[in-house]
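1. fold the stuff below for me.
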Amino acid sequence: FCTGSIGTMTRRTGSGFLLLALGVLGLRYTFVGSSSGARSSRVAMEAERKFIVGGNWKANGSPESVKKLVEELNEGEVTSKDVEVVCAPPFVFLSEGQGTLRKDYAVAAQNLWDKDPGAWTGETPAQMLADMGIKWVVLGHSERRENCGETSQIVAEKTKFAVDKGLSTLTCIGEKLDARESGKTFDVLDEQLKPLADVLSEEDWEKVVLAYEPVWAIGTGKVATPEQAEETHAYIRKWLKENVSEKVSDSVRIQYGGSVNDKNAAELGKQPNIDGFLVGGASLKGGGDTGRSRELGTLRSPHD
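-> Below is the predicted model of the structure:
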């Protein structure tokens, strides 16, 4: 990978959601084999972590709007092999998404039941998701932690159960505003990560993507600065090295979520420890800013 240009990645504007992937690839997959050995090693390691963009549709959509969104997503001619796209529709549209989205886009459930199929009225066991070909599941989102009483232990157990059933997970962590303002962000992350480290084997981590979502930035229009996000992602990676293994620390992908859109994605995506985005509201927007699309399509590394 010797070029920072990503103008060949798409030939049309497509979905605003897909634009988030466009502004980052040329900034991350450059200079492998350059004269700087340390920089080459760092970038080579980043290049091994495939960039992943997830769209969490939450509890939104009608039959008509979902059909339109799927059409627009399918029209986005993403040709790069270096970005993975995962769409998470509501359960009522899961089968439609699975059947109509392009096959190079993965489909995720937004939750699962960590028991085998049986007398669990209103729940969707992991096995049922796996049987219908669903490959991914979003777990531990702050809205479920807050509104459904999901503790870090429950999130860890669900993550382990999902992995054991063959699913990959987008497992969410992140602090509220009071923790950020009182300097306790890392304490919160410690509490959320420890149960995961306790139940997951080194092999299990190969099917886990961590999504760091500062709760104070979700749906508020606020966003962590690139420096804040990078500092936190670097801490998570350091924590994994010290509490799990260096292999897991180097290989696990860490997404950023929290009011990500096609206007701030490029700056966030420059950061070496940010390996993708988990997108909420912007994932429902079928069209991005055309001018911004052109800008993202020609971005080059600042080191060029």
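2. which residues touch Ala156?
-> 195-196, 198-200 (Cβ atoms under 8 Å, 6 or more residues apart in numbering). Every residue, glycine included, has its C-beta placed from N, CA and C.
3. Lys135 too?
-> 106-108, 167-168.
4. returning to that earlier point: which of the contacts of Ala156 sits closest to Ala119?
-> Val199 (25.5 Å; Cβ to Cβ).
5. now do the phi/psi pair for that closest one.
-> phi -100, psi -20 (degrees, to the nearest 10).
6. with adjacent residues omitted, what lies nearest to it?
-> Lys160 (4.4 Å; Cβ to Cβ, 6 or more residues apart in numbering).
7. can you tell me the element that neighbour falls in?
-> Lys160 is located in helix 152-164, with elements delineated by DSSP states H and E.
8. okay, buried residues for that helix please.
-> Across helix 152-164, burial judged by 16 or more other Cβ atoms under 10 Å covers 152, 154-163.
9. report all helices and strands that the helix or strand hosting Asp178 contacts.
-> If you go by DSSP H and E, Asp178 is part of helix 177-181. Secondary-structure packing of helix 177-181 (3 or more Cβ pairs under 8 Å, 6 or more residues apart in numbering; DSSP states H and E): helix 185-199.
10. quick one: residues in contact with the next helix-or-strand element following the helix it packs on.
-> On the C-terminal side of helix 185-199, the closest following helix or strand by DSSP H and E is strand 208-212. Strand 208-212 has contacts (Cβ under 8 Å, 6+ apart) with 52, 54, 138, 159, 163, 168-174, 189, 196, 200, 229, 232-233, 236, 252-257, 275-276, 278.
11. parallel or antiparallel, list what pairs with strand 208-212.
-> Strand 208-212 has the following strand partners under DSSP bridges: strand 168-173 (parallel), strand 253-256 (parallel).
12. mean confidence for the longest helix seen in the chain?
-> Identified as the longest helix of the chain according to DSSP state H is helix 226-243. The average pLDDT for helix 226-243 rounds to 96.
13. using PDB, write down the CA coordinates of whichever helix or strand comes after it.
-> Heading C-terminal from helix 226-243, the first helix or strand you meet, by DSSP H and E, is helix 246-251. Presented in PDB, the C-alpha positions along helix 246-251 are these (Å, rounded to 0.1, in the frame of the first residue of the first chain):
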ATOM      1  CA  GLU A 246      -0.100  -8.300  23.400                       C
ATOM      2  CA  LYS A 247      -1.500 -10.300  20.500                       C
ATOM      3  CA  VAL A 248      -5.100  -9.200  21.300                       C
ATOM      4  CA  SER A 249      -4.000  -5.600  21.900                       C
ATOM      5  CA  ASP A 250      -2.400  -5.500  18.500                       C
ATOM      6  CA  SER A 251      -5.200  -7.200  16.600                       C
END
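14. quick check: buried residues in helix 246-251?
-> Result for helix 246-251 [16+ other Cβ under 10 Å]: buried residues 248-249.
15. what's it in contact with?
-> Taking Cβ under 8 Å, 6+ apart as the rule, helix 246-251 contacts 45, 48-49, 202, 205-206, 237-238, 240-241.
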